[in-house]
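Enquirer: pasting the structure only:
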C-alpha cells in the first residue's frame, strides 16, 4: 500500500473483507501453506504500536489461502505484537484487535511462544487454550483474572488439526520480561498449563468488540528452562513450520461455517 492515513488504510482492509485475522507471536510469523501475499503495510502506517522485541516484524499482511479441498480464505496476518513490559498502556496493547474489529473482522487466531508448566507438555507441543489467566495486572474486584477464549469443544476441534502434538490447556499471562524462576514456575502451575507474556490485552479487546477467538500457545521450552530470547526464537523457528502447515485448517476447524460456504462470500 502507498502512504495513506491510518483510517484510510484500515478502510482498505475492511473493503478486502478478511474472513479472520491472525496475530503471530515471537518468531512465528510465516505465510500459511497455499497462501499468496496480496498486500503488506507497516504497523506505524496503521497507527498501531510497534514493539522493539526481536522476532516481531510489525507488519500487517493480507493473504489469500487456496486449497483444492476447501474454500478460499482471506486472512489478515498481524506479524508481531507489542508487550506490556515495553511500556505500552492497556489501550495501546488493545489497539490492533480493536481496529481490526472496526474493519469487520469477527474471528481471531492468537498465537504465541510459551513455556510449559506441566511435565507432560513437552517443547514442540501446540496447546489450544480455552482460557487465559491474567496475572499481568493487580487483582481488581470488577475484573476476573480468568478470561474465556473459546469453548472446550471448539478447542478440541482445533487440537485435532495438530494430532499427537496438541494438548488442551490454560494459558497464564505474566508481565515479564524476565523468565520464570523454578519457584515461580511451580507457583504458576497452580493456575494453568503454559506461561507467557502476551495474549491478555488481545483477549480482552476481542471480548469487548464481539470477536470470537482461538489461542494457540506453541511450547518453546519448559518454564524456568529458557536461557535467552534467542533460545525462544530458535525454538519458534521450528514451530513456525507446524503452524504454517495447519493454520488454514485451524480456521476451518474453529469456525465450521466457513467450510459450509461462507468463505466464498464476506466475513
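Expert: Looks like it came in fine. Owing to the predicted nature of the structure, the values given are computational and were not obtained by experimental measurement.
Enquirer: tell me the secondary structure at the nearest residue to residue 182 once chain neighbours are set aside.
Expert: Leaving out its chain neighbours, the residue that sits closest to residue 182 by CB to CB, 6 or more residues apart in numbering is residue 224, at 4.5 Å. (C-beta placed from N, C-alpha, C; glycine too.) Per DSSP: H, G, I helix; E, B strand; the rest coil, the secondary structure class of residue 224 is coil.
Enquirer: pLDDT score for residue 224?
Expert: Residue 224 is assigned a predicted lDDT (pLDDT) of 84.
Enquirer: ditto for residue 267
Expert: Residue 267 is given a pLDDT of 56.
Enquirer: quick one: the strands in the stretch 151-267 of the chain?
Expert: All strands of the stretch 151-267 of the chain, identified by DSSP state E, counting those that start in this stretch, fall at 166-173, 194-196, 212-222.
Enquirer: for the longest one, packing partners?
Expert: Yep, that's strand 212-222 we're talking about. strand 107-116, strand 126-134, helix 152-162, strand 166-173, strand 194-196, helix 200-209, helix 229-254 (3 or more CB pairs under 8 Å, 6 or more residues apart in numbering; DSSP states H and E).
Enquirer: can you check which of these gets nearest to residue 94?
Expert: Relative to residue 94, the nearest member of those by CB to CB is helix 200-209, separated by 3.8 Å.
Enquirer: which one is the residue most central in space within the chain nearest to, not counting chain neighbours?
Expert: Centroid-nearest residue in the chain, with CA atoms, centre = their mean: residue 110, separated by 1.7 Å. Leaving aside its sequence neighbours, residue 110 sits nearest to residue 215 (CB to CB, 6+ apart; 4.6 Å).
Enquirer: ok, now which ones touch the one you found?
Expert: The contact partners of residue 215, by CB atoms under 8 Å, 6 or more residues apart in numbering, come to 109, 110, 111, 112, 128, 129, 132, 149, 150, 171, 199, 203.
Enquirer: report how many residues lie close to residue 39.
Expert: 14 (other CB atoms under 10 Å).
Enquirer: so it sits in a strand?
Expert: Yes - secondary structure assignment places residue 39 in a strand (three-state DSSP).
Enquirer: mind checking how far it is from residue 158?
Expert: 27 Å (CB to CB, to the nearest Å).
Enquirer: and residue 89, how close does it get to residue 81?
Expert: In this structure, residue 89 and residue 81 are 14 Å apart, going by CB to CB.
Enquirer: contacting residues for residue 8?
Expert: With CB under 8 Å, 6+ apart, residue 8 has no contacts at all.
Enquirer: how far does the helix or strand containing it sit from the chain's center?
Expert: Per DSSP states H and E, residue 8 falls inside helix 6-16. Taking CA atoms, centre = their mean, to the nearest Å, one finds helix 6-16 lying 21 Å from the centre of the chain it belongs to.
Enquirer: again, but for stretch 210-217
Expert: On CA atoms, centre = their mean, the centre of stretch 210-217 falls 7 Å from that of its chain.
Enquirer: for that stretch, which positions count as buried?
Expert: Under the neighbour-count criterion of 16 or more other CB atoms under 10 Å, stretch 210-217 has 211, 212, 213, 214, 215, 216, 217 buried.
Enquirer: then stretch 186-193?
Expert: By neighbour count with 16+ other CB under 10 Å, stretch 186-193 contains the buried residues 188, 189, 191, 192, 193.
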